[in-house]
Every structure is written in structure tokens, then in C-alpha cells.
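Novice: Provide a 3D model corresponding to the input given below.
(chains A, B, C, D, E, F, G and H, ligands or ions: 6)
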Amino acid sequence: MSRTEFMQGNAACAEGALAAGCRFFGGYPITPSTEIAETMARRLPKAGGVFISMEDEIASIAAVIGAAWTGARAMTATSGPGFSLMMENIGYAAMTETPCVIVNIQRGGPSTGQPTRAAQGDMLQCRFGSHGDYSTIAITPNSVQEMFDLTVKAFDLADRFRVPTFLMSDEIVGHMRERVTIPDAVDIQRPRPLAEGSLPFAAGEDKIPGFAPFGSGRAVHVTGLTHDERGYPDTTDPEAHDKLVRRLVAKVESARRDIADYEIVNPGAETVFVTYGPPSRTVEQVMRDHPDDSIGHLRLRIVWPFPEFALKEFPNAKVFLMPELNMGQVVREVQRHVDQPVVSIPKIGGELHTPAELVRVLEAHR
Amino acid sequence: MSRTEFMQGNAACAEGALAAGCRFFGGYPITPSTEIAETMARRLPKAGGVFISMEDEIASIAAVIGAAWTGARAMTATSGPGFSLMMENIGYAAMTETPCVIVNIQRGGPSTGQPTRAAQGDMLQCRFGSHGDYSTIAITPNSVQEMFDLTVKAFDLADRFRVPTFLMSDEIVGHMRERVTIPDAVDIQRPRPLAEGSLPFAAGEDKIPGFAPFGSGRAVHVTGLTHDERGYPDTTDPEAHDKLVRRLVAKVESARRDIADYEIVNPGAETVFVTYGPPSRTVEQVMRDHPDDSIGHLRLRIVWPFPEFALKEFPNAKVFLMPELNMGQVVREVQRHVDQPVVSIPKIGGELHTPAELVRVLEAHR
Amino acid sequence: MRHEIRFSGYGGQGIILSAVILGRAAALYDNKYAVQTQVYGPEARGGASMGQVVIDDEPILYPEVARPDIYVIMSQQGFEKYGARAGEDAVMLIDADLVRSRPGCRCYEIPATSEAKGALGREIVANIVMIGALVTATGVVSREAIERAVLDSVPKGTEELNLKALKRGFELGERA
Amino acid sequence: MRHEIRFSGYGGQGIILSAVILGRAAALYDNKYAVQTQVYGPEARGGASMGQVVIDDEPILYPEVARPDIYVIMSQQGFEKYGARAGEDAVMLIDADLVRSRPGCRCYEIPATSEAKGALGREIVANIVMIGALVTATGVVSREAIERAVLDSVPKGTEELNLKALKRGFELGERA
Amino acid sequence: MKLVIDESRCKGCNLCVLVCPYGIFREGTELNSRGIVAPVLDRPERCTNCRLQALYGRMLCGVCHMICPDQAISWVEEKPFEPHRVEVEF
Amino acid sequence: MKLVIDESRCKGCNLCVLVCPYGIFREGTELNSRGIVAPVLDRPERCTNCRLQALYGRMLCGVCHMICPDQAISWVEEKPFEPHRVEVEF
Amino acid sequence: MIAPDWFRGDRLPHIYCTGCGNGTIINCTLAAVEEMGWKRDETVFVSGIGCSSRAPGYILTDSLHTTHGRALAFATGVKMARPEFNVVVFTGDGDLAAIGGNHFIHACRRNVDMTVVCMNNHIYGMTGGQGSPTTPPGAISSTTPYGASEPAFDLAELAVAAGANYVARWTSYHVKELTKAITVGMQTPGLAFIEARTQCPTNYGRHNKLRTVPAMIEHLRSHAILVAKRDRLVAEGEPIPEGAFTVGELVRRNQPAMGVRR
Amino acid sequence: MIAPDWFRGDRLPHIYCTGCGNGTIINCTLAAVEEMGWKRDETVFVSGIGCSSRAPGYILTDSLHTTHGRALAFATGVKMARPEFNVVVFTGDGDLAAIGGNHFIHACRRNVDMTVVCMNNHIYGMTGGQGSPTTPPGAISSTTPYGASEPAFDLAELAVAAGANYVARWTSYHVKELTKAITVGMQTPGLAFIEARTQCPTNYGRHNKLRTVPAMIEHLRSHAILVAKRDRLVAEGEPIPEGAFTVGELVRRNQPAMGVRR
Ligand SMILES: Cc1ncc(C[n+]2csc(CCOP(=O)(O)OP(=O)(O)O)c2C)c(N)n1
Ligand SMILES: Cc1ncc(C[n+]2csc(CCOP(=O)(O)OP(=O)(O)O)c2C)c(N)n1
Ligand code: SF4
Ligand code: SF4
Ligand code: SF4
Ligand code: SF4
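Specialist: Residues are numbered from 1 along each chain as shown, chains lettered A, B, ... in the order given. Ligands and ions are numbered 1, 2, ... in the order given. Okay, here's the model as predicted:
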């Protein structure tokens, strides 16, 4: 069974978290993400969970990581300025392989910028914003239904790969209301438990260690310092660092195909749009209004790790067009991977590209 | 006249700042950058400046920006974790066009990682680490002398372009001692003053507004919100945002050639190393030990804005080799701009690539 | 058929709620698709508040409102900011007592606030009167759908009052 | 000719200072090039401290020490951590009283600490004795250069003592 | 001196009505062109500042001016309300 | 019971020497294999915990154990120092 | 009368809601500035983010509207670099005591010679009314739908413990007392912290049975008791009235301070 | 005797310098834990970054060594998510009161039921001896080469003002009193803050005329005066001895607390 609601994207995100079994939310309000916290504040206590309003975003993600180590599914939600403040502890979560979900309802930046307008300006930040090398997962919903579905998925990926996982939404999707179907229950995949006799940071072939949350009797030491498989600091041995960090990166990057989630329309096309988040809807509109097999669309639901192989699914592509609500961010990744011309179609200020705008670009590029 | 010293890189950085007229340092200690603060603590009071030990890195950069708006040349220095914490206010400095210098003596990340070992793991963070779109300048010295010279240069660029400017050094260069020549005086270029009758955030052709520090009687309002040329918030008009942020990006990116600082060896080469920071010294060693015109070297002293045109100065290049002390960061930028194969030679753990390692790579790629 | 409906008025009139109710009616009870959006931020505070709904028989892809074809305007400031540039082929419902200006397009004057204050006795339901009028004047959703959506959305204990307001709106809209 | 010199001992012996003095001598007073580096971090605390210098007639490009050709070892732990794997063609100066082990390479035993404690009366100058011995035993920098570098680096008022220690080191190194 | 309410700033909070010790303001009833109901000057002649500022050469009372969150209340030089028209009714 | 100093942990700070009310420790003089000068047990027979812990069934005194920053001091079950050999000299 | 040339007239009316107390506190602060005779060119207003923090944008001096919570750190840079400037910080309870708490206690500790005026409305106003660290236990907000369960800070007490030289508390009702307190704070070398409790009708009052602006003002008036009275009650063993808070000067002292004009 | 199985034996000796007081404070804390009879599987040690913050790495329980200054925020997550855990935080003066000051006051305000032991050595030890917010005015450090000029925090007083239910201060010399205070803190619902002043011979003592470890311990011993004595001196109008600091229990109270075991 399921129920159907007319709901805001942010509320759907909160519902998705609750459905996924999230039982801890630590947050600090910021436009345009606040409704997620507000919904959690209302709903979590009744679901036997904990909502806590932390003193800032640094504390929010810290509390979330702490809660995650008790075995709880835990989440926070924020927007640009708060996301920037989380950068240090995001690196800590990556280094300590803490499964948790961080929602960023993107708004116009840099700085305080445009608090109430949409953007996709934090897409490279969520990939490279903390110091050092690491890899995580970033998901980009384009509808209220996906705010629900992909939040659920975010928790599963976070648990499975033991990485902080980002739901990179934006003011448009976060604030719009649409119909959403909420199932009575969703399947949940928790992290693989740490096997008897295994070390807490030793990994097998999949490069992902088993998880022994606090209270399991395994006396796990968790540190953001470079550590060995026991979890003990080893900060001067180049090999220890190399081994650890390469594994952390590889566990995500080598699972790219497994993690990938995208849609392909017209694989034979010569002109190919590449999108994620709400600009995908404008492209879909254009393609509905102007049906044409020579126009293709690769729509990413997961941007990081970047599924470069998906670009190869358009063997006839002559040009890639990439509308983004920023000055051209993920387009940089596309440019690395294809030999064809890649056209960035940046738009900032808070509004989606209109269908007419994209039609004009289309005409200019074929 | 000038004096010659045998000095640590970090000390040379501090000396460079003092020579450039830096009169405000706000910082928080962190290995391996601390000697910069310690030198400033000893030297600034005698130079009539202010050293202040702030409560954390967020406060450090905040105080630096505050001081910069009084017209002082101001600087802070940190390493990865502290740099991550500065991300929000770095965006603020970019948005408010505050001239200031931020030194990052890079160490092994992610997270607390390897506090005492070198890395170049924050090169993408310094480009993309704050939310939203912006552009700044990042300088990468490879010797103690350059720690002095390029710190001076950092202040000039910061003032000229009114951007936060990064000196992206690392534990190797920061902690090594070498001979350094310190001139008695260096030329200083302060920001162009705000012309009578001009608005404080209106720019001419060069896209850089004149500067009216506090106390100039111009009643300047400085805000990180999207603002108009008067500096007043205008947060909902898409055009206001588009105009402002495009200018902020363009004032740096369109001056790429002007800002660029690189060295080219053997432009006719087929195999071309691209480096910045200390790996350039290993490449130079290899080239000295194995003189060969078919091996070229592009050594960047300024990585951001990225001088993609410099790659074109190797018309015969068949392959680009890029050793970095990270998992492959700036190499992504190179890959965007050339059609030839680009080989990333990542090394993490704290040690430089040895000449022998690079020779092996060289042999494998030609 | 894609409809783009824009509501505007001042804070406290329930402008956003009106938009949500309309979207809800379409999406949950009329088997249509709907996307509701609104204006946020300090600018939306003292001044005019604004909410919009796109309604379509097909899934709504491009979700933004480009050119509303239906307006519901409940304050002079709302008119100036969000109604004055209405296209000629649009339809506008206006709370006659609160808006002095009139648009270039077809315009229905609905005395919603005075009806609410007067016959219904509670100014707060003026927006429901407007919604009722909107439904009968434009047929953008069905009466049944809007009734259910109103009932979903109003505080317990006020159902009857709101239904009465809605019905009064239906009448005003029919007559318009 | 490139020389790579490694110093090790325990904290408080002035190991790092020794490396700095040597580098300074080469770079400022011998018209050579020098790069000095050291080990940092908590691990360097209780245990063995270590500093290194590369000296060359040409500008030093690759700055790291790959395979030291000269070692100055002043503690057993220092030997174990940083001296035990010395190449056969290296030279090692050892403070005979503090290091029990002996390397596979050529080795000079310098009684620096007992000299410092005894004849010189201040244990603290043992490192300067070692530097003196190093200079005469290996000729890696000139006597004049090291003298000036020592004078630059020691606290006011201790110049004479340090020079005495250095000279004593010269003698011990010559004899070695 | 004459007290004026700048209707382009007043938002109609009625704090001036609340705090004026002389009761010179009354809540308004009419929507102005900005859609706001500004208070009206009911008995302006009682305003001590209007009357006596010129005499004392400094601001008197002025609590409405201080509390007005919208910087809408000020005094302009003008023909003063005639002192003899004041009826003091404490 | 017998007090032992674990020489693989002791760093030679001599805090035990400082705080022991019975003066059982003395500063050492010899460098051990770790390059550390550990204190020596000068008059171990005075240690009240050694003597009386078994009797009272709980830890007595123990300040050296508590203050030892390096967790180097502990007691092992062993032939106790014979009580009759103790000379109490307060 | 506050000279109109202290305002950026072209920015008025400001964005504050009808009846918001922030505008009143700006008035009191500017009246104090006039009292001090400070020059416009030597006076800098600094703030973070929040409704309250928009204040400098309406004042015609150099003004620094910074990031959320960081005003005091920015202001420290301004003041330490140019001690001859008069630095006034406007902040809110969220900006100062939630995200900005660390800068708050450190600025008080350093006792940097500046004036900090906190518009404490017990809520995050700008983001639409979530509970803040000063939301009274039991109060309803959008993140405390069942009543706030966390204890609240007494900001003035915290400033005293952290080391500020001058600490006082008043409300937006007490316009004269508040003006006076700010003036005395400005005269005292070192950090002056003035907590001004104020009404947020939009986001606090509505949900907490204070439906009108006058009701909120009345609440402030009636729950304020003078420090001296509180002390007397305590000394006499009398109970402090439910929900009362002290107003008046909490501390005025002359401990070492930083950034005092040379 | 502290049972050896509380230690990760394979990690000893720890990284602390010879004579560093941190090891002593670990002993006292574990003695208190044993006194409480807490189980290893239900006890979590949390810390930030610093020498002091390395402590959990030597204790054989689940342990969370986090980022600099954030220990209390992480610990809040642990404790709120699982109130049945016993949560103990080790921190330093830099970790707690410099970068971590905000989490400090907020944890005290929330009065989260956990035990916070601060090893206050008045310096940033790990990074080599820079001045911290508790460095006494006049003291020499690598960033205060001319003597510290900033006023210092009294951490315990700050904890009281911020709302902690239990606050005490002792030193690494007072091993029995410290153990007892930590135990009472653990027994008190709400946040227990225990400041343990301690010696950093490497980075503090050397530069401040306390050249030996015994000299530092002696300094701690001789400058500590009991709270009761201080109060008596104050009451009698007698001067407090120069450089003295109070030791003992500063507050024990029963205000509303969060995260108390259900
Ligand atoms: C880093 C960051 N986090 C969150 C926000 C969102 N935010 C803006 S203002 C505010 C709270 C303001 O509360 P307060 O300081 O009490 O001011 P008020 O609006 O009530 O006057 C918040 C949480 C932000 N702008 N930046
Ligand atoms: C964000 C960040 N800033 C700075 C540092 C560097 N750092 C590590 S420990 C430390 C200070 C530790 O002082 P304290 O907490 O007093 O502990 P101690 O070492 O004295 O025990 C600093 C500044 C860091 N690790 N992370
Ligand atoms: S106080 Fe000011 S804003 Fe309020 S009603 Fe009076 S004049 Fe208008
Ligand atoms: S207290 Fe411990 S570490 Fe110090 S000397 Fe005694 S046994 Fe050794
Ligand atoms: S939301 Fe509250 S604090 Fe903000 S302007 Fe409105 S009344 Fe004032
Ligand atoms: S540096 Fe200081 S605090 Fe750190 S281990 Fe050494 S003595 Fe202890």
C-alpha cells in the first residue's frame, strides 16, 4: 500500500528519510532547506527518533556522525553557507567511513548570495570542497517524487559504501509542491556487519570494511588521522597513507557502474544534452515540444562518482550541450571525457533555462 | 641592498609578507604552517603591525577581511583542516572583493590525515571549495626563495584584482631551509582608489572596482548578499546576480594571460611534464640528469586561473605527464584542454616522487 | 491543456494556501498534474506575497510559470508587483475592495473580502471565496476536487465555514 | 658533488640545530647550495629526532634525501630508527657513549658527550663537538664556514664555549 | 514644531499610539496607497516636543520617535501649534 | 604484592619519586635500553600497598600508580616483602 | 531627534515586519552614537546575518554585513587594525549565541573595545521562526512544535563570565534606558555588551499567545525587573516572579582591554 | 589499581612527553569509571584534536577521535542517539575553549548528560606551544614572545554561566580529589565539567621558568586554593594570593538536562 500526497520537495525529502529509517536529525536552519528540519522536528519524536537543533552546521554534521556511529541512520540538511561550514567534517566522515546523509538545497552563491533562489553552484564543492583526496556520492533529484525516492536511496548508498552521501537538490525542487506517492514501507539495506575476527578498517575485495557501531563490543577506535586497519593512527608512514586513501577513493570510484543512475533518450542522437537536477525538466520539455531523434538526452540522477561511460552511449554524438544552474561546473567533467565539443550553457540568478532558451542553443549547435 | 639568509620556507613567507607591507595577521596554529604565525608574532609588533591569535580559522579569516577593509594588507596562514573551515568566508571575501592573502601549507588529507607530511591535496579545494561560482588566484612556490618572492606577489595580485589570493605551498617547501635573498624593499602596488563619484562596486573595463577602505568617508556598505553597484542587497533579481557574479568570475578569468606565471623548457618536446610546487624540482632534476630535447617541462607558478594557453606552447607534444602530490587534481584541468593523452602521476603519503620514479614513467610513455 | 495560475495579495490573506489548495485539488482529486511554487524571502514579507500553480493533463516537465493565464489578485501592491503585466489573453479575478487598479485583460471583480467579513462573518475566509470564484469562473479544476482540497487544508472545526465560503465563491464566480 | 648528511639523536641534544648550522655553513659561507629538512610531529618527540642536509656545488633540485652518505648519530634509538640501514659506502660518526650498536659502513667513534661533559663542562655542546668532528672527518664544509655558522646560531654569551667545543670536535675528527 | 508621520515609511504597528504619554495618536482606519493603515494625529496639540522644543532648545519626550521602528516620526519646523490652544488634561 | 615499574613504559619523569609518601623510589642514574633513566625502587619494603593490600582487600595509597602518567606502575602478586623486615621511620 | 543623515534614506522603509522591534533598537543605538558625538567617517557598523543583522545596511557609515555568526570576529579585525575607529556590532540571538557563540565569548574575553548590541527576539527570525538558544523552554517555534525542551542561555550572564567590561540588558520598550545603557557602554573601555530583548511579532509572538505587537511590548515591560530589585528579592528570600528577567546594568568594570584607542 | 584491561596495551607507551600530566588524568578518569562500575561496551570516549585528545586512543572501548574543537558536538550526537551509553569527553584548553568554545557553552547549556574532562595545560601542546585562551597574561609562548597580552578564560566559571549541572576544578597533582570529582560528576545527571589543570613541561614549563616536571607540579600544588578558602578570604576582605586559582566543586545542581538515560 501507499499514500499519495501533494507535498513540498523538502517535506518529501524528510518523508523519504523517515521511510528509510532515519532516526537522528541534527540541523541548523537555513533557507531554502529549513522545511526539512521543520518536518523532522515534527515527525521524528513521534517516530521514536531524535531531532536536535544544533548550534551551527559544524555541530550538526558532527552530531550526525556521532549518531551514525551508534548505528542510527542519521541526516542533516543545509544550503551553501552551511555546506561550506561542513567541509571539514565531511572530510572526517569520508576518512572514518561514516555512513550518513547530507542534504544540500542549493541556493545562489557565492557567499550569502541569493538565499531564496535556486542554483546548482555547489556541485564541484560537494566533490572537492574538503581538503585532501576522497570520493563520495552525490545525487540530484529533479522532482518531488525523486526527493522522496532518492533520499531513501541516499541512505542505502551511504550504508553500503560507508560514505557521506549528498542529496544535492536546489531551491526549485525543494520548494515546489507536486504529487508524490509514499509507500508504506521501503526496503532498507544496512551496512554489512563487521565479521568476527576482522579488523574494523580492513576491507576485502569490495574495499568496504564491515561496520561495528558503538556498543557492539568491538572497542573500535575511530580517527580522522591516517590509520591502519585496526583504526590506530599511523601518520608518518607513506605507505599507510597511500593504502588507506587509495582504498577510500577506489571503493567509490571502482563501483562507478554499480552506483550509476541515469536515463538515456535517443542514444543515436547527434546533439546530446547532458543534465542533472531541474534543468533536465526543461530539456524534457523541449524534447516533447520538438520531437527529433537527432537530439539526445543523458540525464544524471547521480553525478558523483561521474559515470563517464554513459557519455559513450551516444556513439554518434557530435556535440554535447550542458545546461546547468551555475557558471559551468559538471561540464568540466564531461570535457575531460569526450573528444567532441562540449558546450556549457550556464545560467545563474535563480531561474531555470526556459525551453525557448534551450531551443535557441540547439539551433546554434547543429 | 639586500641580505642573504638560510631560512625556513615558512619564515621566508612571513618575511615576504612583512616586506610587502602586511600589517595584520590573524591566525590559528596548525602544523605545518605554524612557523608563519610564530614569525609574525615576533616580527609584526616591532613593525607597527598587529598579530592576533584568533579563536579558530573561521575567526582568523574573518578578522583578516575586517582588517583588509580598514585598508591594511592582511594575511592568514593555515593547513587543510583550517582551510576547510575558512571556506565560507573565502566565498565572502570573493563576493565582497576583499584583497587578502591566505597561505595554505598543505599536508596529507583528507581530514586530520598526516599532519606532518606534505601534499598538494587542496588544489581543487582552493578553486571550488566554497559554495557558488567564483574565481580566485592560487600561487605555488617550489623553493624558499619563492616563498618570499611569491608571497610578495600574492599581496600585489590580491590588491590589484581585489580577490582573496592563495599561496598554496606544502610541508616540504614550508619546512625546508635554503638560502634566500631578501631585498631591503620591494615595490608595492595597492588597489586603485575609488574615484570620486564612482559607486563602490561599479567597475569599468577591467571589471575591478576602485577601493575605498573604511574611513575614506564613502560610507561603503559591504555585504555577501548579491548586491548592486552601490553595494546594496538585491537578492531576488536574476539579472543583478548574473551581472555581479559574472563580473567576479570574469575579472580573474579574463586576465588569465596577465596573471599567468610559468616556465617553459624545451617547447619542441614530445613528452611534456606539467608541474607546480615541489614536484617541479624532481622534474628539473630528471632533466638535468638526462638532458633530452624531446622532454619538455611546463612549470606553473600560478595554477589558478589556469593558463590553458601555456599547454599550447608545446606544439609537438604527444603526451603530457603530470606528477602531483595528490590523487590527480590539476591534471583534470589539463585533460579538459588538450586532445593528447594526459597521464596523471599521483603520489600521496608525504614524499616527493623520486627522480627514478619519474624516469620510469618517462620510459613507459614514449 | 496547461494552465498557469498566479495568486497575489498581502501576507496573512492565505495567498500561498490558496495556491496549495488549488494544486492539491488538481493533483490529488482531478487526476491532473500540478506544480505549485511561490516567492520566498524577506521581500515577500511586508510587501506582496505570491504563489503560483501550473496545472496540466500531461506530466509537467518545465515547472516554472512563464506567462500566467489566470490571475487572482487580492491587494493593490500585489497587483502592481505581480498582476500589472498580465497578458491580454489572461483572465484576472480581483478582490474589488482591495485593488484599485484594473488590468488590460479580462477581469472579474469578486467582492471576496467584503463577503467574507459580511455574510460569512470571518475576513479570514476571503481567500476561499476567491478560490470558489476562480473554479466556477475558469473551470480549471472541478468543484468536487476543490471541495475536497479545501477540507484537507483548513483547521479542524472550520470546515463548515470554509465550505460556505467556497460555495459563496462558486456563486460569485458563476455570476462573473 | 652532492652530499646527503643525516643527524639523529634524542630531543634536547640539538640535533636539528646541528643540521641547520651545517646547512647554513654551506649555503652562506661556503658558496655552496644546501637544503635542510627534518622530521616533525609527535613521533619526533619522545623518540628519536632527525635532521638532514643536502649540500651540493650546483643548485639543489630534488631536495629530499634518498641515501645519506654521511651520518651523525647520537643515540641508540636514533641509530635504530635512522642509522641502521646506512649503505656500505656511507660514513657514520657516532657518539660512542650513547650508541651501543655499530653500522656496517665506515664508522668514527666520537666521544662527544663525554668530552662535552668532561673537558668542556657543559653537556649541551656535545652536538657542536660532533659537528666539528664531522667537518674535519669528511670535509663537507670548510672550518671557517662552520665557525661562522656556529657563531650565528648560538645564544649570546656562549660563543666561546661553543667555539671551544667546535675546535675540540675538529681535533677528534682529524684523529678519527 | 510639528510632528509628522512619514507615510512612505510607517507600517502601521501603532507602537506610537501605545507609548505616547500625551495620547496624541489614534489608530487609523483607512488603507493608504501602500496598503497600510497609518495612525492619525488625534490631538497633536498636546505633543510636548511640538510645543516646547523651540523653547528648551532640545528634544523633549520623543518616545514615539524613539520607539517608531520605521523611522517614520519626525518634527518639522512649521508654525507651531499655538500654546494658548492647549488644554492640559492630565 | 610487589610494586613493579614497567620499563617498557616508564619515561623517567620521576613523578613517582616526588609523590610517594613513603619514599620508596629514588631517581635512577642508568640509561636503559630505551635510552631512558627509570627510577629505582629504593626502599620497596615501605610500600603500604605492597604490604597491606592483601590484608585489607583493597588498594591502599597508590598515589604513584595514579600519578604515573605512563601507566608504568602496577603491583603483581608475588611473595610479599616480609612484614617483619619493615622498619617504619615516619 | 536622531539626525536623518545617519540613515541611508534611500533604503527606507527597511525590510522589517510591521511592529518588529529591531528598528527601535537602531534608533536607540544611533541616539547613543549622537550622544557620544562620534563622527560618521570614524564609525563602523558590523553585523552577521539575520533580520537584526540587516541594521547596518540602513545606516550611512562604512558598514560590514558579514557571514552568519561571525560579526564579532570581523569586527575584531576592524578594531584591532584601526583602534581609532568606533566599532558597533549589531547582532541577533541566533547570530550571536547560536552559530556565533564562540566569537561572542572570545570577544568578551579579549575585551575588545567595541559595542555589541544584541537584538534578542528569542527566535531565528530571518529564516522563519525556528527555536534559538534563547527560546524559553516551552515556547512554540517551527522546530519546537511541542514546546522548546532545551534550556536557554542568559546572554548577559554569559558575557559577564566571559569577561566583558560592560554588560547591560533592556528591552525595546525601554527606549530611554536602553539608549543610556548603550551610551555608557560606549564610554566604557573594553567590550560593552547590551542585550536588547525585542519583539518578533511575525515569528515569535504569533505562536506564543502574544498575538499583537502591543501584547509583545507589554510582555517585555511587565516581565522586566531591575537588577537591584532581583537582588533585593533574593536577599529577602522572596521568589523571583515567574518568567521575569533582569534589566539594568549587570557589570561595569575596568579589566584589561584590547584595541583601546591609542 | 586501574584494571589493565581498560587500556589498549599495544598502544602504550603513549605519545606523551616525559612528565606530561595527561597520562595522570587518564588514570583518574578511568579510576572514576571503575568506581561507577561502567561496562566497557557501554562506555564511549570522545575527543577532538590535541595531545590531550589522543587519550581515547589508549582506552579499550569504542572511541571517537574527531576534529579539532568538535568533540562535544560529536559526543552530543552519540549521547542523544543512545542515552544508555556513558559518554566521556577528553579535551584540552585549545580544543575546548579556543576552536571548540561554542560547542562547550552549548553542551553546558543543553546540559547533556555526559562527563567532560578538560586537560588544561594553558597552551596548544600538540602544535608546539602557542598561546591559548587560558594562557595566563604575561606568559611566554611561541605566539606570545613578549608575554601573553590577552585576558584568559576561567573555564570552570564559563561552564557554570553556560549551565552545566556539575563543575569542578582540580589538578594533575590532586589525583585523589580529581578522581573523586570526576566520579561525582558522573553521578550527577546533566553535563559534568571537570577542569584538570596539568603540566606541559615541553611547551609551557620550559619557557615559563618551570624547567622541571616537579617544578610544574609544585606550582600547581602551591597555587591551588580551595573554593571554600577563597570564599572565606573574600568574605574577610583578605586578598587572594597572586596567581592563585580555586580548586574544588564550583557547582552541583539539578537543572533540567538532556540525554539522561531513559
Ligand atoms: C552559515 C549559515 N547558516 C545559516 C544561515 C541561515 N540563517 C540566516 S539568519 C539565521 C538566524 C537569524 O537569527 P537571529 O540572529 O536571532 O536574527 P533575527 O533574524 O531573529 O533577527 C539563520 C539561521 C546562514 N545565513 N548562514
Ligand atoms: C581545524 C584545526 N585547526 C588547527 C589544528 C591544529 N591543532 C592541533 S591540536 C591544536 C591545539 C591543541 O591544544 P589543546 O587542545 O590545548 O591540547 P594539548 O595539545 O595542549 O593537549 C591545534 C591548534 C587542527 N588540527 N585542526
Ligand atoms: S510607531 Fe511608527 S511605524 Fe508604528 S504606527 Fe507609529 S509611525 Fe507608524
Ligand atoms: S611516574 Fe611513571 S613514568 Fe614517571 S618515573 Fe615513575 S614510573 Fe616512570
Ligand atoms: S521576522 Fe521577526 S525579527 Fe525579522 S523583521 Fe519580522 S518581526 Fe522582525
Ligand atoms: S607537548 Fe605538552 S601536552 Fe603534549 S604530550 Fe608533550 S608535555 Fe604533554
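
Novice: C-alpha only now, for contacts and for neighbours.
Specialist: Noted.

Novice: Identify the residue of the stretch 1-150 of chain A closest to chain F, quick one.
Specialist: Here the stretch 1-150 of chain A gets closest to chain F at one residue, A:Thr96, 28.1 Å apart by CA to the nearest CA.

Novice: any idea how far that residue is from H:Lys79?
Specialist: Separation of A:Thr96 from H:Lys79 (CA to CA, to the nearest Å): 19 Å.

Novice: just G:Thr188 next, same as before
Specialist: 43 Å.

Novice: Then C:Ile15?
Specialist: 43 Å.

Novice: cool, and A:Phe161?
Specialist: The gap separating A:Phe161 from H:Lys79 is 25 Å, by CA to CA.

Novice: Would you agree the residue of the stretch 1-150 of chain A closest to chain F is in contact with A:Val220?
Specialist: No - at 11.2 Å, A:Thr96 does not count as touching A:Val220 under the criterion of CA atoms under 8 Å.

Novice: Compare the two and say which is more crowded by neighbours.
Specialist: Shown here are A:Thr96 and A:Val220; by other CA atoms under 10 Å in any protein chain shown, A:Thr96 has more neighbours (29 against 26).

Novice: Please report phi then psi for the more buried one.
Specialist: Backbone torsions for A:Thr96, taken as degrees, to the nearest 10, come to phi -90, psi 0.

Novice: In contact with it, which residues are there?
Specialist: By CA atoms under 8 Å, 6 or more residues apart in numbering or on different chains, A:Thr96 lies in contact with A:Val222, A:Thr223, A:Gly224.

Novice: Which members of the residues you listed are positioned in strands?
Specialist: In strands, defined here by DSSP state E, the members of the contacts of A:Thr96 are A:Val222, A:Thr223.

Novice: would a markdown table of the contacts of A:Thr96 with pLDDT, distance to H:Leu158 and neighbour count be doable?
Specialist: Shown next, in a markdown table, are the contacts of A:Thr96 (pLDDT from 0 to 100; distance: CA to CA, whole Å; neighbours: other CA atoms under 10 Å in any protein chain shown):
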| residue | pLDDT | distance to H:Leu158 | neighbour count |
| --- | --- | --- | --- |
| A:Val222 | 98 | 30 | 27 |
| A:Thr223 | 98 | 29 | 28 |
| A:Gly224 | 98 | 29 | 28 |
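
Novice: Can you give me every residue that contacts the closest residue to E:Gly28 other than its chain neighbours?
Specialist: The spatially closest residue to E:Gly28, leaving aside those adjacent along the chain, is E:Pro39, at 4.2 Å (CA to CA, 6 or more residues apart in numbering or on different chains). Contact analysis of E:Pro39 by CA under 8 Å, 6+ apart lists E:Gly12, E:Asn14, E:Val17, E:Phe25, E:Arg26, E:Glu27, E:Gly28, E:Thr29.

Novice: Among the residues you listed, find the lowest-pLDDT one for me.
Specialist: For the contacts of E:Pro39, the minimum pLDDT belongs to E:Thr29; the value there is 90.

Novice: Which residue is the nearest non-sequential neighbour of it?
Specialist: E:Val37 (6.0 Å).

Novice: picking that back up, for G:Thr188 and H:Lys79, indicate the residue with more neighbours.
Specialist: H:Lys79 (27 against 18).

Novice: right, and G:Cys200 touches G:Gly21 too?
Specialist: Yes - the criterion here is CA under 8 Å, and G:Cys200 meets it with G:Gly21 at 6.8 Å.

Novice: Looking at these two, which is more packed in?
Specialist: Higher neighbour count among G:Cys200 and G:Gly21: G:Gly21, with 31 against 27, using other CA under 10 Å.

Novice: ok, A:Asp242 - how many residues close by?
Specialist: 18.

Novice: err, A:Gly48, not the other one
Specialist: A:Gly48: 10 neighbours (other CA under 10 Å).

Novice: same check, this time on C:Ile70
Specialist: The number of residues packed near C:Ile70 is 26, by other CA under 10 Å.

Novice: how near is it to A:Ala154?
Specialist: Distance, C:Ile70 to A:Ala154, by CA to CA: 39 Å.

Novice: same check, this time on A:His353
Specialist: 27 Å.

Novice: ok, the two, which is more surrounded?
Specialist: Neighbours were counted for A:His353 and for A:Ala154 using other CA under 10 Å; A:Ala154 has more, 27 against 23.

Novice: Next, the more buried one: phi, psi?
Specialist: According to degrees, to the nearest 10, A:Ala154 has phi -60, psi -40.

Novice: which non-adjacent residue is nearest it?
Specialist: A:Thr165 (6.1 Å).

Novice: Please identify the helix or strand for that neighbour.
Specialist: Under the criterion of DSSP states H and E, A:Thr165 resides in strand A:164-170.

Novice: helices and strands around the helix or strand just after that strand, which ones?
Specialist: Using DSSP H and E, the next helix or strand after strand A:164-170 towards the C-terminus is helix A:171-175. Under the contact definition 3 or more CA pairs under 8 Å, 6 or more residues apart in numbering or on different chains; DSSP states H and E, helix A:171-175 sits against helix A:9-19, strand A:100-108, strand A:114-118, helix A:144-161.

Novice: switch the cut-off to 10 Å
Specialist: Applying 3 or more CA pairs under 10 Å, 6 or more residues apart in numbering or on different chains; DSSP states H and E, one finds that helix A:171-175 makes contact with strand A:2-8, helix A:9-19, helix A:34-43, strand A:100-108, strand A:114-118, helix A:144-161, strand C:33-38.

Novice: May I see the buried residues of the helix or strand that that helix is followed by?
Specialist: On the C-terminal side of helix A:171-175, the nearest following helix or strand under DSSP H and E is strand A:177-183. By 16 or more other CA atoms under 10 Å in any protein chain shown, the buried positions in strand A:177-183 come out as A:Arg177, A:Glu178, A:Arg179, A:Val180, A:Thr181, A:Ile182.

Novice: residues in contact with the closest residue to C:Val99 other than its chain neighbours?
Specialist: Nearest non-adjacent residue to C:Val99, counting by CA to CA, 6+ apart: C:Gln76, 4.4 Å away. Taking CA atoms under 10 Å, 6 or more residues apart in numbering or on different chains, we find C:Gln76 in contact with C:8-10, C:48, C:82-84, C:94-102, E:33-35.

Novice: Could you measure from C:Gln76 over to E:Ile36?
Specialist: Where E:Ile36 is concerned, C:Gln76 sits at a distance of 11 Å (CA to CA).

Novice: what do you get for A:Glu308?
Specialist: From A:Glu308 to E:Ile36 the distance is 58 Å (CA to CA).

Novice: Check E:Cys16 too.
Specialist: 15 Å.

Novice: Is there proximity between stretch A:52-60 and ligand 1?
Specialist: No - against ligand 1, stretch A:52-60 shows no contacts by CA under 6 Å from any ligand atom, the least distance being 6.7 Å.

Novice: Please enumerate the shared neighbours of A:Thr96 and A:Val220.
Specialist: A:Trp69, A:Phe201, A:Gly231, H:Leu64.

Novice: Show me those residues that map onto strands.
Specialist: Checking those against DSSP E, those in strands are H:Leu64.

Novice: Now tabulate the shared contacts of A:Thr96 and A:Val220 in a markdown table and tack on pLDDT.
Specialist: Formatted as a markdown table, the shared contacts of A:Thr96 and A:Val220 follow (pLDDT from 0 to 100):
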| residue | pLDDT |
| --- | --- |
| A:Trp69 | 98 |
| A:Phe201 | 98 |
| A:Gly231 | 98 |
| H:Leu64 | 98 |
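
Novice: Just the mean pLDDT for the longest helix seen in chain E, thanks.
Specialist: For chain E, the helix with the greatest residue count under DSSP state H is helix E:48-56. The average pLDDT within helix E:48-56 is 91.

Novice: Lovely, talk soon.
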